[in-house]
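Undergrad: Here's a sequence, model it:
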Amino acid sequence: MFFEPRSSFKNLTNLHLRRVIITNLDPFSGFPSLEKLRLVDCRLNTNGTVLNVHLPQLSELTISNRNYQRVNRCELATPKLRYFEYRGCNIPHLTTHQGGLPVLETVVIDHNGFCGLNQEKIMFDDVVMLFNTLCNAKSLTVFLSIVHLLLLFPGELVNRRSPFRDLKCLKVDFSFFLTQHFFESRDKTWRETMEFLPGLRDYLLQKSHDAEFTVIYPNRFKIKRKRFDGILKRLISYFI
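TA: Next up, the predicted model:
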């Protein structure tokens, strides 16, 4: 199904599109009152798979592409955006108009594609650039693939300041730890991932003792206590 609106819907505030083909470079210009926009498995037939979202009243934007539909570049003119969620097979180049996203509160980022060995550093830089664009967020949720990507280059994080200005809440979601394979290089073990968490927390939360840090553990994953108790005790003592 093609999404080619030919008239204006001036009073529409909520739009959910699933598996439609977007061909217009400015597809939402006829929705000036839109406050919530959700795009699920939509295909972009635009120049270089570009998505432009120019909506002055938009407060929530969700882009979820599980079927390997790429969004290479996304341009936001959304000064009232408070919630941004992106789940896709690549990390888009996100740009904003002058003023950025001044009231952004919540960000959710997941990557569900596969990354070749020669693309891993490029994707790492893409994630950091994305974080920089979303720097005003107060709450961030990242999933296993993002954690593993950052874990591939731990030395890079030591020399960088957090891209977030005042992040208050960091949530790491490991719900599907055993079912996902993301990178051509060896996937990290549970032990390696857990030992990386304190460094990730320091990097993103700037060692703030007032910030909230939460880990969601894998579904149906029975941790062998004798093997991991040492790691968990060190983490607990670190975060308290």
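
Undergrad: Okay, the closest residue to residue 217 other than its chain neighbours and residue 143: tell me how far apart.
TA: Excluding its sequence neighbours, the residue lying closest to residue 217 (C-beta to C-beta, 6 or more residues apart in numbering) is residue 174, at 5.8 Å. For the C-beta atoms, the positions are set from N, CA and C on the backbone; glycine is no exception. For residue 174, the distance to residue 143 equals 8 Å [C-beta to C-beta, to the nearest Å].

Undergrad: what does residue 108 give?
TA: 8 Å.

Undergrad: So between those two, which is more surrounded?
TA: residue 143 (22 against 19; other C-beta atoms under 10 Å).

Undergrad: can you pull the contacts of the more buried one?
TA: Neighbouring residues of residue 143 by C-beta atoms under 8 Å, 6 or more residues apart in numbering: 109, 110, 111, 172, 173, 174, 175, 176.

Undergrad: top of these by neighbour count?
TA: residue 111 (25 neighbours).

Undergrad: pLDDT at that one, what is it?
TA: Model confidence at residue 111, expressed as pLDDT, equals 88.

Undergrad: Could you pull up phi and psi at it?
TA: Torsion angles at residue 111 (phi, psi; degrees, to the nearest 10) stand at phi -130, psi 130.

Undergrad: Surely it is in contact with residue 149?
TA: Yes. If you go by C-beta atoms under 8 Å, residue 111 and residue 149 touch, sitting 7.1 Å apart.

Undergrad: Which strand or helix spans residue 194?
TA: helix 190-205 (DSSP states H and E).

Undergrad: Return that helix as PDB; C-alpha atoms alone will do.
TA: Output of helix 190-205 as PDB, limited to C-alpha atoms (Å, rounded to 0.1, in the frame of the first residue of the first chain):
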ATOM      1  CA  TRP A 190      27.100 -12.900  29.500                       C
ATOM      2  CA  ARG A 191      30.100 -12.500  31.700                       C
ATOM      3  CA  GLU A 192      31.800 -10.000  29.400                       C
ATOM      4  CA  THR A 193      28.600  -8.000  29.000                       C
ATOM      5  CA  MET A 194      28.000  -7.800  32.800                       C
ATOM      6  CA  GLU A 195      31.600  -6.700  33.500                       C
ATOM      7  CA  PHE A 196      31.200  -3.900  30.900                       C
ATOM      8  CA  LEU A 197      28.100  -2.400  32.500                       C
ATOM      9  CA  PRO A 198      29.900  -0.200  35.100                       C
ATOM     10  CA  GLY A 199      31.900   1.400  32.400                       C
ATOM     11  CA  LEU A 200      28.800   1.900  30.200                       C
ATOM     12  CA  ARG A 201      27.000   3.500  33.200                       C
ATOM     13  CA  ASP A 202      29.900   5.800  33.900                       C
ATOM     14  CA  TYR A 203      30.100   6.900  30.200                       C
ATOM     15  CA  LEU A 204      26.400   7.600  29.700                       C
ATOM     16  CA  LEU A 205      25.500   8.900  33.200                       C
END
